[in-house]
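> A predicted structure for the sequence below; I have some questions about it.
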Amino acid sequence: MTDLAQTPLADTGGRSLFQLAGMRFRRNRAAMAGCVMLVAIALFSYLGPLFVSHTYDQVFPSYVTIPPSLEPRPDTSALQEVMEGIAGRARVTLKEFAIDGETFTATITSDKPIDPRATRYFDRANEFRDTKVVATEADGHTMTLSGQVSREYFPFGTDSNGRDLMVRVMLGGQISLAVGLLASLVSLGIGVVYGATSGYIGGRVDNVMMRFVEILYSLPFVFLVVVLVVFFGRSFILIFLVIGAVEWLDMARIVRGQTLALKRREFVGAAQALGLTDWQIIRRHIIPNTIGPVVVFVTVVVPKVILLESFLSFLGLGVQAPLTSWGALISEGANNIQSAPWLLIFPAIFFVATLFSLNFVGDGLRDALDPKDR
């Protein structure tokens with residue numbers, strides 16, 4: 001009996017509210033699938049360029065608006081025609097042409113002695129590289145060349161300028177996700193504090209603060225952007241600052257409405273009886289209880305911000321070429337939907353997948369953080 005009495009009890013400490021919310025969130029399969037999709041898209045956008053030899057601004061004149069394919073370019077059957085075109089630009093005649101694996105051999109002739117620097121014409125083409133003179137005959141009128149066939153892969157095809165669309169989609173994902181998240185964080189930080197303060201204090205302070213919000217609502221968004229661009233110049237940081245400075249207005253009104261309902265609750269009265277200051281009550285009780293609606297709204301703001309960034313880029317106030325974003329790629333693809341539908345399909349797939357994932361994650365967070373379910 002003594003041994004049993006002295007045995008320490010197992011640690012049965014309770015879980016915090018955030019731990020319980022995390023457990024409910026992990027049980028939501030749709031929300032977890034959305035998280036996995038968002039992580040996959042982020043890894044594709046930010047780590048994908050490390051495994052691709054092409055750059056986002058690299059132009060391939062020989063591969064303009066080619067459809068997506070997993071086969072290497074160029075096709076072996078088309079190399080003969082390509083070589084004849086290069087020989088014509090070099091003002092020589094192609095006599096023989098043969099391919100052995102990844103190596104080509106060509107014999108060219110001319111009425112005049114051929115300058116060895118003519119090999120530059122062959123290296124300038126996207127199909128060949130490392131061209132060198134193997135032999136010279138007939139006092140320089142005949143020359144044998146050898147080099148490597150340059151194989152390129154374009155799984156997403158190329159755009160109208162001959163740039164790899166897959167790399168462009170990766171770059172667009174980097175900019176769109178960064179602008180969406182940063183602008184949403186700006187609107188979240190300003191809107192939550194502003195709305196909670198206005199709703200909790202109430203009275204004349206609330207009246208003045210809300211009239212200021214309505215004044216900002218009346219200002220044209222494009223006019224505000226143009227003024228800021230004129231004063232501060234065009235930059236990537238300015239994009240998400242401007243968008244975030246506009247989107248916080250909706251956030252503030254939502255949080256204010258939640259705060260007006262929360263400040264009459266019993267736990268707020270108990271906090272006031274304990275002597276907590278207004279800022280302590282707002283920080284400890286009001287803001288945490290508005291997380292559910294706020295998180296759901298943030299998941300809606302991110303794709304909206306991405307579209308706003310696309311609108312600014314279209315007006316020449318956002319991301320400029322050769323930089324791009326998903327919105328800019330979708331806009332470009334919509335103009336070429338009949339001749340090159342892949343220019344619209346691939347960026348739209350990533351944008352729609354991000355949109356659905358954010359909605360699923362937002363619903364999961366709303367259910368997990370809902371105070372009524374605690």
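Structure received. These numbers were taken from a predicted model, which means no experiment stands behind them.

> rest of the way, CA atoms for contacts and neighbours
Noted.

> any weak-confidence spans in the stretch 251-374 of the chain?
Residues of the stretch 251-374 of the chain that meet the criterion pLDDT under 70 lie in 314, 316, 369-374.

> Figure out the helix or strand that G364 lives in.
helix 342-369 (DSSP states H and E).

> Can you give me the buried ones in that helix?
342-348, 350-351, 353-369 (16 or more other C-alpha atoms under 10 Å).

> Can you pull the domain assignment for the chain?
Here the domain parsing of the chain from automatic domain parsing is 22-54+160-373, 75-150.

> Pick the most buried one from these.
With neighbours defined as mean count of other C-alpha atoms under 10 Å, the domains of the chain peak in mean count at domain 22-54+160-373, which reaches a mean of 18.

> Give me the distance between it and the centre of its chain.
Centroid separation for domain 22-54+160-373 versus its chain: 13 Å, with C-alpha atoms, centre = their mean, to the nearest Å.

> again, but for stretch 105-121
47 Å.

> averaged over its residues, what pLDDT does it have?
Averaging pLDDT along stretch 105-121 yields 83.

> what about that stretch, how long is it end to end?
This stretch, stretch 105-121, spans 15 Å end to end (C-alpha to C-alpha, to the nearest Å).

> Which residues does it contact?
Contacts with stretch 105-121, where a contact means C-alpha atoms under 8 Å, 6 or more residues apart in numbering, come from 86-87, 89-99, 131-133, 139-147.

> what's the helix holding G364 packed up against?
Secondary-structure packing of helix 342-369 (3 or more C-alpha pairs under 8 Å, 6 or more residues apart in numbering; DSSP states H and E): helix 17-27, helix 29-47, helix 165-201, helix 291-314, helix 326-335.

> of all those helices, which lies closest to M209?
With C-alpha to C-alpha, the closest approach to M209 among the helices and strands packed on helix 342-369 belongs to helix 165-201: 6.4 Å.

> State the mean pLDDT of the closest one.
Per-residue scores along helix 165-201 average to 87.

> what's the angle between that helix and helix 29-47?
For helix 165-201 against helix 29-47, the angle by axes from the mean of the first three to the mean of the last three C-alpha atoms, to 10 degrees is 120 degrees.

> For the next helix or strand after helix 165-201, enumerate the helices and strands it packs against.
Later in the chain than helix 165-201, the nearest helix or strand by DSSP H and E is helix 203-218. Helix 203-218 sits against helix 165-201, with contacts defined as 3+ C-alpha pairs under 8 Å, 6+ apart.

> what angle do the helix it packs on and helix 342-369 make?
30 degrees.

> helices or strands up against helix 165-201?
helix 29-47, helix 203-218, helix 236-262, helix 287-289, helix 291-314, helix 326-335, helix 342-369.

> can you put the ones you listed in JSON lines and add distance to T65?
Supplementary listing: the helices and strands packed on helix 165-201 in JSON lines, determined by distance: least, C-alpha to C-alpha, whole Å:
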{"stretch": "helix 29-47", "distance to T65": "22"}
{"stretch": "helix 203-218", "distance to T65": "43"}
{"stretch": "helix 236-262", "distance to T65": "29"}
{"stretch": "helix 287-289", "distance to T65": "51"}
{"stretch": "helix 291-314", "distance to T65": "21"}
{"stretch": "helix 326-335", "distance to T65": "11"}
{"stretch": "helix 342-369", "distance to T65": "9"}
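
> Which one, of the ones you listed, ends up nearest to G172?
Closest approach to G172 among the helices and strands packed on helix 165-201 (C-alpha to C-alpha): helix 326-335, 4.8 Å.

> For the closest one, C-alpha coordinates in PDB please.
Extracted in PDB, the C-alpha atoms of helix 326-335 (Å, rounded to 0.1, in the frame of the first residue of the first chain):
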ATOM      1  CA  TRP A 326       0.000  35.300 -62.300                       C
ATOM      2  CA  GLY A 327      -2.400  38.100 -63.000                       C
ATOM      3  CA  ALA A 328      -0.200  39.600 -65.700                       C
ATOM      4  CA  LEU A 329       0.300  36.100 -67.300                       C
ATOM      5  CA  ILE A 330      -3.500  35.500 -67.200                       C
ATOM      6  CA  SER A 331      -4.100  38.800 -68.900                       C
ATOM      7  CA  GLU A 332      -1.500  38.000 -71.600                       C
ATOM      8  CA  GLY A 333      -2.900  34.600 -72.100                       C
ATOM      9  CA  ALA A 334      -6.500  35.900 -72.500                       C
ATOM     10  CA  ASN A 335      -5.300  37.900 -75.400                       C
END
